[in-house]
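K.L.:
Model the following, please.
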Amino acid sequence: MWFGRAFSDPDTRLLRWGWLAFATWTLIGGAQLIRALRAGEEAMVGVALAAPAWALWLLWLLWRGVAALREDARRRAYGRWQGSYFEFEGRQVRVAFDDDGIFVAAADVFDALAIDARGRAPERVRLLAGREGLIERAGIDGGVFTERGLRAWMERRRDARALRLLRWFEDTVAGPRRRSRERAAAPLDTAATSGRQNDRQAGP
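P.N.:
Purely as a prediction, here's the structure:
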């Protein structure tokens with residue numbers, strides 16, 4: 001139903017009207033509650049009749065609070081990747097780089113290939129990727145594939161989407177990373193070669 005979809009994934013208009021209703025009832029209902037508390041027990045009957053409205057008020061507050069906490073958790077999780085996001089056929093794939101190599105979020109790979117819960121079990125994945133092919137990294141839920149582990153795991157799969165993902169990884173992630181490291185290392189190699197030549201020329 002449209003209401004269920006709107007409740008789980010509200011658009012801007014729904015949120016605007018929701019907050020307007022929340023603020024309106026906060027003012028009206030709050031004023032009524034204050035008058036009732038001052039008037040005594042007899043006026044509390046009206047407050048009791050307004051209980052459903054207060055329940056909706058509280059439900060909205062709890063719902064938006066939970067939504068804010070979830071969004072904050074999502075942002076913190078993505079922040080650990082320092083903006084290293086790639087896209088494969090409309091799906092986000094998080095990739096981290098450091099001196100030890102390339103690391104790909106396993107959960108994103110599984111989502112891209114629609115792997116079921118059984119196929120995501122770490123022990124099953126390591127049978128194909130190797131013991132060091134799927135590892136845990138601090139602050140990253142679900143583990144990460146190493147570059148070698150991802151290749152080993154993907155090469156054991158035969159479906160067309162997996163083959164496309166492997167080609168995408170080589171063309172979009174691994175290849176450019178390798179070329180970038182080679183370009184960075186080239187000046188160092190040139191400097192080392194020049195140094196050896198100068199040493200030979202300066203020798204006896």
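
K.L.:
care to break the chain down by domain?
P.N.:
According to automatic domain parsing, the chain comprises the domains 2-79, 85-180.

K.L.:
which one of those has the most crowded surroundings?
P.N.:
Of all the domains of the chain, domain 85-180 carries the top mean neighbour count, a mean of 15, counting by mean count of other C-beta atoms under 10 Å. C-beta coordinates here come from the backbone N, C-alpha and C atoms, glycine included.

K.L.:
quick revisit: least reliable of the domains of the chain going by mean pLDDT?
P.N.:
Note on the domains of the chain: lowest mean pLDDT is at domain 2-79, with a mean of 74.

K.L.:
So Arg137 sits against Val144, correct?
P.N.:
Yes. With contact defined as C-beta atoms under 8 Å, Arg137 and Val144 form a contacting pair (5.4 Å).

K.L.:
which residues are in contact with both of the two?
P.N.:
Taking C-beta atoms under 8 Å, 6 or more residues apart in numbering as the contact rule, Arg137 and Val144 both touch 96, 103.

K.L.:
Can you tell me how far Met154 is from Ala50?
P.N.:
According to C-beta to C-beta, to the nearest Å, Met154 stands 60 Å off from Ala50.

K.L.:
should've said Ala138
P.N.:
Per C-beta to C-beta, Ala138 is found 50 Å from Ala50.

K.L.:
which residue packs closest to Phe86, ignoring adjacent ones?
P.N.:
Val93 (4.8 Å; C-beta to C-beta, 6 or more residues apart in numbering).

K.L.:
Could you report the separation of that neighbour from Glu170?
P.N.:
13 Å.

K.L.:
all strands in the chain, in order from the N-terminus.
P.N.:
All strands of the chain, identified by DSSP state E, fall at 85-88, 91-98, 101-105, 134-137, 140-146.

K.L.:
Export the ones you listed as TSV, with columns for distance to Trp54.
P.N.:
Compiled in TSV, the strands of the chain are given as follows (distance: least, C-beta to C-beta, whole Å):
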stretch	distance to Trp54
strand 85-88	43
strand 91-98	40
strand 101-105	43
strand 134-137	46
strand 140-146	37
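
K.L.:
quick one: the helices in the protein?
P.N.:
2-8, 12-39, 44-49, 51-79, 106-112, 122-129, 147-155, 160-168, 175-202 (DSSP state H).

K.L.:
I'd like to know which of those is closest to Phe97.
P.N.:
Nearest of the helices of the chain to Phe97, taken as C-beta to C-beta: helix 175-202 at 6.5 Å.

K.L.:
Which residues are in contact with the closest residue to Gly133 other than its chain neighbours?
P.N.:
Excluding its sequence neighbours, the residue lying closest to Gly133 (C-beta to C-beta, 6+ apart) is Gly149, at 2.1 Å. Applying C-beta under 8 Å, 6+ apart, we find Gly149 in contact with 129-130, 132-135.

K.L.:
and of the residues you listed, the nearest to Leu59?
P.N.:
Checking the contacts of Gly149 against Leu59 with C-beta to C-beta, the nearest one is Leu134 at 41.3 Å.
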